[in-house]
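# Could you look at this predicted model? Sequence included:
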Amino acid sequence: MKEDSMVVTSVIDAETFREYAIYNALRWQKQWRRPAVFALSFLVFAALAFSRVGKVEGAALLGGVLLAVGLGLPAVYFGAFLHSVRRQARQLDPREIAYTVTLSDAGVAVRKGKQNASYTWETLCAACRLKRCVCLYVDAQHALLLTGGDGARIWAYITRRIAAEKLKQ
């Protein structure tokens, strides 16, 4: 029987990288949780301080400071993250081939210059369909972005070979 395979040449442009970076950090790794818990706890402390206004000297000032810190630090965190993503996205050359991925019945083979890596479909952590690319997570921290060709065709190829519980859309 002839082996069915697909070769995808990934070229990562700024918009694709931005979409992936935001998805990876906020949805996949859920890095929004700690800043949200921090903000919520400081908002509760600020509410407690404001509830003591008129009874305790300086309660309004303390409440204002807690509110500013509770909202300001998470805003700075997300602002710095988005600035970092924009800076990294600007450094990408949209004409440069990031890597070439060969999808086959046996698994996934990646080639970048002289470097090669192979993964079986069972060892892949997850596959995610984004607007501009398909992400194949080789482990919880590393993904291959498949950008070349028809995204729907690539996604259909992957969904036939990877376990349903590993698919994210």
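That came in fine, so what should we check first? Numbers count the residues shown, from 1 in each chain.
# On the strand side of things, show who Val134 bridges to.
Assessed by DSSP bridges, Val134 has beta-bridge partners Arg129, Leu146.
# Now do the contacts for the residue lying farthest from the centre of the chain.
Most distant residue from the mean C-alpha position of the chain: Lys55, 47.0 Å away (CA atoms, centre = their mean). If you count contacts by CB atoms under 8 Å, 6 or more residues apart in numbering, Lys55 has none. The way it works is simple: take the backbone N, C-alpha and C, and place the C-beta from them, glycine included.
# can you check Ala126 too?
Trp28, Cys135, Leu136, Tyr137, Lys166, Leu167, Lys168.
# How about Thr120?
Ala106, Gly107, Val108 are the contacts of Thr120 under CB under 8 Å, 6+ apart.
# can you rerun that using 7 Å?
Contacts of Thr120 were listed using CB atoms under 7 Å, 6 or more residues apart in numbering, and they are Ala106, Gly107.
# how close does it get to Ile12?
As judged by CB to CB, to the nearest Å, Thr120 and Ile12 stand 24 Å apart.
# Equivalent analysis for Asp4, please.
26 Å.
# again with Arg52
Applying CB to CB, the value for Arg52 to Ile12 is 53 Å.
# Neighbour count: those two, which is higher?
Ile12 (20 against 14; other CB atoms under 10 Å).
# right, and the secondary structure at that one would be what?
coil (DSSP: H, G, I helix; E, B strand; the rest coil).
# buried sites along the longest helix along the chain?
Across the chain, the helix with the greatest residue count (assigned by DSSP state H) is helix 59-90. Residues of helix 59-90 classed as buried by neighbour count (16 or more other CB atoms under 10 Å): Ala59, Leu62, Gly63, Leu66, Leu67, Gly70, Pro74, Tyr77, Phe81, Val85, Ala89.
# got the contact list for the first one?
This points to Ala59. Counted by CB under 7 Å, 6+ apart, Ala59 has contacts Ala49, Phe50, Arg52, Val53.
# how much space between the third one and Leu66?
I take that to be Arg52. For Arg52 relative to Leu66 (CB to CB), the value is 12 Å.
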